[in-house]
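> only the shape, not the letters, is given here:
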């Protein structure tokens, strides 16, 4: 073998290694969080074992709700799970307690919620849901946006970030005149971020990748769950059957493209969530985690 051939082979070998390194560098390596709504049915009676199992899968972060956080905070610390984000009761923002009579913290304030968030190390405070009875005309969404701006400014002053979590009802209507359009236009980008749920964006007839691109810089949190093939466009969450929800990678959403777009949009935290699972919800969380780590 002459010297020129040796050099060419050496260069080829380095090229192959560089290609492998490049592919490895594109793997999804962000810390993954588990949205504890996925395990809501087993958490009340088996919190310790459930959280232990979630940590053993490889999750390092969780997103929970306000009431649950106060109960499981010591367990989270024990298993090295950081409560990065928390869903807080909607009337803390809207003031509409009449629609939420089942809540035990009736009349609490957003200032008190901020103190709880700081106490437990929460970084993101999220408004998770608007009940069907609370959804009005487009003018009502302008008023809702103003209330969220107010909550967001208070959170920001305390060193925290406030976000709004979407479902599919916001996408009903003619483009440019939908609740989501009103909210995106009126929400103060400095005060309110988005927790983009890619499943509900898709169920509402929209492309999660395009949604991420269009809102770059204002989506710090992303919910990851997959959608069954053949799912129709829906604008009411209650019409989504249990079979509609799939483990990440087991449905039709393009997660390599979604994750690429999310990173480009500046997403900071990713939470796996599955509203309904066919069996053990921890097993579903494991399946989603393992798929995401192969990408």
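Nice, thanks for sending it over. What you are looking at is a predicted structure, and each value in this text was computed from that prediction instead of being measured.
> and the gap between residue 267 and residue 295?
15 Å (C-beta to C-beta, to the nearest Å). To be clear about C-beta, it is placed using only N, CA and C from the backbone, and glycine gets the same treatment.
> just want to know which of those two has more residues nearby.
Between residue 267 and residue 295, counted using other C-beta atoms under 10 Å, residue 267 has the larger neighbour count: 21 against 14.
> that one belongs to a strand?
No - if the criterion is DSSP: H, G, I helix; E, B strand; the rest coil, then residue 267 is coil and not within a strand.
> confirm for me that it is in contact with residue 221.
Yes - Residue 267 lies in contact with residue 221 (C-beta atoms under 8 Å); the separation is 7.1 Å.
> any residues in contact with both of those two?
By C-beta atoms under 8 Å, 6 or more residues apart in numbering, residue 267 and residue 221 have no common neighbours.
> who does the helix or strand harbouring residue 194 pair up with?
Under the criterion of DSSP states H and E, residue 194 resides in strand 192-197. Taking DSSP bridges as the criterion, strand 192-197 forms sheet pairs with strand 161-165 (parallel), strand 221-224 (parallel).
> next SSE after that strand?
Downstream of strand 192-197, the next assigned helix or strand under DSSP H and E is helix 198-203.
> could you redo the strands paired with strand 192-197 as CSV and give each row mean neighbour count?
Output for these, formatted as CSV (neighbours: other C-beta atoms under 10 Å):
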stretch, mean neighbour count
strand 161-165, 23
strand 221-224, 25
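> any figure for the gap between the spatially most central residue of the chain and residue 154?
With distances taken as C-alpha atoms, centre = their mean, the chain has residue 223 as the residue nearest its mean C-alpha position (2.6 Å). According to C-beta to C-beta, residue 223 and residue 154 sit 24 Å apart.
> same thing with residue 250?
40 Å.
> then residue 231?
Separation of residue 231 from residue 154 (C-beta to C-beta): 38 Å.
> with residue 82 instead?
23 Å.
> can you pull out the helices in the stretch 101-250 of the chain?
Secondary structure of the stretch 101-250 of the chain (DSSP state H, counting those that start in this stretch): helices at 110-119, 138-157, 179-186, 198-203, 208-214.
> what is the second one packed up against?
With contacts taken as 3 or more C-beta pairs under 8 Å, 6 or more residues apart in numbering; DSSP states H and E, helix 138-157 sits against helix 91-94, helix 110-119, strand 124-127, strand 161-165, helix 179-186, strand 192-197.
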